[in-house]
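Q: here is my input, please return the structure:
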Amino acid sequence: MMEFITSVNNQRVKEVANLKQKKYRTESRTFFAEGLRAVQEAVQYADVTELFYTEAEAGRLDEVLKAAGNVPADTKEKSENKKNANHNNAGTAKKRNEAANGIRMYQVDEKVMAKLSDTKAPQGVLAVIRTPEQNLRQLRPGTASDNNAPVIILDRVQDPGNLGTIIRTADAVGALGLILLEGCVDAYSPKVVRASMGSLFHLPIVQDVTAEEALTWCYRNGYEPAATALKNAQNVYKADVSKKMAFLFGNEANGVAEELQAAAETRLFIPMAGLAESMNVAMAAGIILFEGLRQRKFYR
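A: Numbering: from 1, shown residues only. Here you go, the predicted model:
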């Protein structure tokens, strides 16, 4: 049933707020997503267990749930008279609870939402989500619409914004999934979830994989490892990246580890006309992944 929470000292509020830390995400096997767009994607594609929202966002949340297929049209709450709305309206609470199809609902005040949120300007809606199973069996070649859908392997990528952007780009090009080697930032940290703009819920992400495990998966499944490199590398615009490729992108400061470059069947570089020595890893990933999409789908 739906509950009202107005205390920042509420035990459940404290537990959810702790999910900002990896330790508690790992222990509870849950994480959270904020904002109407992310919550809608989570409700539609992930395993949402709880929703926290402010009164101001109640009407829009119902629209989100409806759009995600969780609210019948006739349960949409009318919110034109918010000034006169009864905060403790049991009928309204019952309606929203039923609409969420088993998701536990909490209406909270602004102070509680600020406690829960990872941003300075909370968006008023937050979902708690079960972390999906994470193993290489989740990556099943042939299940994507494109038989040559690429896999992205990341080596010690540290910046949450970069990881979130790469996840979003991988989703955009129809990737099979992502493999995060040991030492990468947690894919379920609030900043990564926010930067992924909902794409986190669209494709498998396997974390804490060893380099040996990742390469073994590639060879067993017919994927060609291709690492970004500066030496002995092919121009990405002249290479054949339309095949089943596992693209390796590396740490922001040091790139792909030398041992991984040595193990890769292909090395790729992006030609540059200016004086910059290198390129942001998320930008480089975008260029190479979209060149792969161009070759697979549009022209070679």
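Q: any idea which residue sits dead centre in this protein?
A: Compute the mean C-alpha point of the chain, and by CA atoms, centre = their mean the closest residue is residue 200, 2.1 Å away.
Q: so that one sits in a helix?
A: Yes - per DSSP: H, G, I helix; E, B strand; the rest coil, residue 200 lies within a helix segment.
Q: helices of the stretch 201-300 of the chain, start to end?
A: Under the criterion DSSP state H, counting those that start in this stretch, the stretch 201-300 of the chain contains helices at 211-220, 258-263, 281-293.
Q: helices and strands around the last one, which ones?
A: Right, the one you point to is helix 281-293. Contact here means 3 or more CB pairs under 8 Å, 6 or more residues apart in numbering; DSSP states H and E; on that basis helix 281-293 packs against helix 160-172, strand 245-250. Heads up, the C-betas are built off the backbone N, CA and C, glycines and all.
Q: mean neighbour count, these: which tops it?
A: strand 245-250 (a mean of 26; mean count of other CB atoms under 10 Å).
Q: that one vs helix 281-293, what angle?
A: 170 degrees (axes from the mean of the first three to the mean of the last three CA atoms, to 10 degrees).
Q: send the alpha carbons of strand 245-250 over as CSV?
A: In CSV, the C-alpha atoms belonging to strand 245-250 read as follows (Å, rounded to 0.1, in the frame of the first residue of the first chain):
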residue,chain,number,x,y,z
MET,A,245,33.5,-6.6,-33.1
ALA,A,246,34.3,-6.3,-29.5
PHE,A,247,35.5,-2.7,-29.2
LEU,A,248,37.9,-2.0,-26.3
PHE,A,249,38.1,1.5,-24.9
GLY,A,250,40.4,2.4,-22.1
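Q: tell me how far that strand is from the chain's mean position?
A: Averaging C-alpha positions (CA atoms, centre = their mean, to the nearest Å) puts strand 245-250 18 Å from its chain's average.
Q: go on, stretch 155-168?
A: With CA atoms, centre = their mean, you get 10 Å for stretch 155-168.
Q: where's the nearest residue to residue 43 once chain neighbours are set aside relative to residue 289, distance?
A: Excluding its sequence neighbours, the residue lying closest to residue 43 (CB to CB, 6 or more residues apart in numbering) is residue 68, at 4.2 Å. Distance of residue 68 to residue 289, given as CB to CB, to the nearest Å: 28 Å.
Q: more neighbours: these two, which one.
A: residue 289 (23 against 17; other CB atoms under 10 Å).
Q: ok, now which ones touch residue 134?
A: By CB atoms under 8 Å, 6 or more residues apart in numbering, residue 134 lies in contact with 205, 206, 207, 208.
Q: residues near the third one, how many?
A: Residues near residue 207, counting by other CB under 10 Å, number 18.
Q: now swap in the last one and tell me
A: Here the number of neighbours of residue 208 (other CB under 10 Å) works out to 13.
Q: begin at 24 from now on, thanks
A: Happy to do that; since the first residue is 24 now, the last one works out to residue 231.
Q: returning to that earlier point: take the helices and strands packed on helix 304-316 and write them to TSV, including distance to residue 261 and mean pLDDT.
A: Formatted as TSV, the helices and strands packed on helix 304-316 follow (distance: least, CB to CB, whole Å; pLDDT from 0 to 100):
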stretch	distance to residue 261	mean pLDDT
helix 183-195	22	98
strand 268-273	15	98
